[in-house]
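S.K.: predicted model and sequence follow; I will ask about them next.
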Amino acid sequence: MSYPGKKDKHSFHVDVRLHRFGGTFSGAFPEFSRPEPIGFYSVNEAREFQDNANNSCFLRLPHPGDMPLDLNAGIENVQRKGVDPDYHDIYQICQYIYNHQELLRTSSTGRLELPADFVTLRGILRQIMSTPYERNRDYRLVATRFNGTIYISKVETEEQRIEREQMTRNQLDLCSWGFKFEQYCTTQIPNTAPITNEPVNESKEFACIYRSKLNGLRLIYGAEMDCIKSNVSIDLNDPAQLRLAEFVELKTTAHNMTKKQQRSFDNYKSLNWWSQSFLVGIGTIVAGLRDNNGLVHEIKEYSVRELHRHKPWSPAAMATFLSDFLHELRSIMQRINDSHAIVMIDYSADRNKILYSVLRDADVKPVLPEWYRRMMRGSAQS
């Protein structure tokens, strides 16, 4: 996405290098309430929002005698996900809120308000909290504030666009291996064998909406979920059953890691695994250990609680940085006090710096869809 007009850049006042690999972080873990799932939705093969749990599934691990699992099986027929339009993810969160207006309250002026300081995606929170250790990849976010709530979405940078367009067949296949592993390990009906002879469709998703609080900031965010661990069917429309559902994350990683692979896992992959699961209260990650030919030889469980042990990164530093970032962004948005302004946030890994600019151009695509804004205005005048 390109942005017209002159954009003055301002410093985003956070300590990007709050903690360095292997150093001691003396700060306490910030107050973070246990994430609570308050809703869910599916995304179909056309990447359309569906207000149901049609794409939810249950964990059913292969028998050890089924090893190795061939992640290349049927890969020639895989249905890969296309490129989503800008703000696709945040629009789906808006659609969920639109469909579930019981989440809203009416202000004294007749406008509808969401009891949240931020609405975003789990992936964005994960990216922010990983910033102190990110040395290679830039990122760009956009934010807008409407009726007291700040909405954050991601934007593809030019570097990311080029990287995506230049992906080789081997790189695409490597991405597809993760989806195939999920197919081997999940079923839509508990205690039934997974269907593994159908083409994998990478466009379908099941996501939950979570509510949490970080150092006084009220957060609502969506997160794609892999599967539920249960031997019986669960009615996710029952709030009590949804809250008690035990979600599990599925991953693949190298089998018999080399020293280089182990260092990469300890320094980067493990912190991403931890933050991704921590933000939605997942306790267990199930990983398929694969070789370079896409054969899974072993399935290993990782405890999210123990994942940080003997690693050079600090969970407390990551959560502290996320808190600092969101508090700074809230201060910026309150000073701007313009419901149509977009704040574009750019992280530069090379420069160890985060800058932001304020966009008010009429031809810049709004972060929030107009139908959502109309709904939130309620009985108040535009």
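M.R.: Looks like it arrived, so ask away.
S.K.: can you map out the strands along the stretch 201-350 of the chain?
M.R.: Listed in chain order, the strands of the stretch 201-350 of the chain (DSSP state E, counting those that start in this stretch) span 205-214, 217-224, 227-228, 247-254, 284-290, 295-303, 342-348.
S.K.: dump those strands into a markdown table; add mean neighbour count, mean pLDDT and distance to N52 as well.
M.R.: From N, CA and C alone the C-beta is placed, and that goes for glycine too. Output for the strands of the stretch 201-350 of the chain, formatted as a markdown table (neighbours: other Cβ atoms under 10 Å; pLDDT from 0 to 100; distance: least, Cβ to Cβ, whole Å):
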| stretch | mean neighbour count | mean pLDDT | distance to N52 |
| --- | --- | --- | --- |
| strand 205-214 | 21 | 98 | 10 |
| strand 217-224 | 21 | 98 | 15 |
| strand 227-228 | 21 | 98 | 15 |
| strand 247-254 | 20 | 98 | 17 |
| strand 284-290 | 21 | 98 | 25 |
| strand 295-303 | 15 | 97 | 30 |
| strand 342-348 | 20 | 96 | 32 |
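S.K.: among those strands, which comes closest to P190?
M.R.: The closest of the strands of the stretch 201-350 of the chain to P190 is strand 227-228. By Cβ to Cβ, the value is 8.6 Å.
S.K.: by contact count, what packs against the closest one?
M.R.: Other helices and strands packing on strand 227-228, by 3 or more Cβ pairs under 8 Å, 6 or more residues apart in numbering; DSSP states H and E, are strand 58-59, strand 247-254.
S.K.: okay, buried residues for the longest helix anywhere in the chain please.
M.R.: If you go by DSSP state H, the chain has its longest helix at helix 315-336. Buried residues in helix 315-336, counted by 16 or more other Cβ atoms under 10 Å: 315-330, 332-333, 336.
S.K.: what's the answer for stretch 112-127, then?
M.R.: 112-114, 116-127.
S.K.: one more: stretch 54-71?
M.R.: Of the residues in stretch 54-71, those buried (16+ other Cβ under 10 Å) are N55, S56, C57, F58, L59, R60, L61, P62, P68, L69, D70, L71.
S.K.: what does stretch 87-101 rub up against?
M.R.: Stretch 87-101 is contacted from outside by 39, 41, 43, 47, 49, 51, 103-104, 112, 114, 119-121, 123, 142, 151-154, 207, 209, 220-222, 365, 367-369, 371-372, 375, using Cβ atoms under 8 Å, 6 or more residues apart in numbering.
S.K.: using CSV, write out every CA atom in stretch 29-39.
M.R.: Backbone C-alpha positions of stretch 29-39 (Å, rounded to 0.1, in the frame of the first residue of the first chain) are rendered in CSV as follows:
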residue,chain,number,x,y,z
PHE,A,29,6.3,-9.3,34.6
PRO,A,30,3.5,-6.7,34.0
GLU,A,31,0.0,-7.4,35.1
PHE,A,32,-1.7,-9.5,32.5
SER,A,33,-5.1,-11.1,33.0
ARG,A,34,-5.7,-14.6,31.7
PRO,A,35,-7.0,-14.3,28.1
GLU,A,36,-10.7,-15.1,27.9
PRO,A,37,-12.3,-16.3,24.7
ILE,A,38,-15.6,-14.4,24.2
GLY,A,39,-16.5,-15.5,20.6
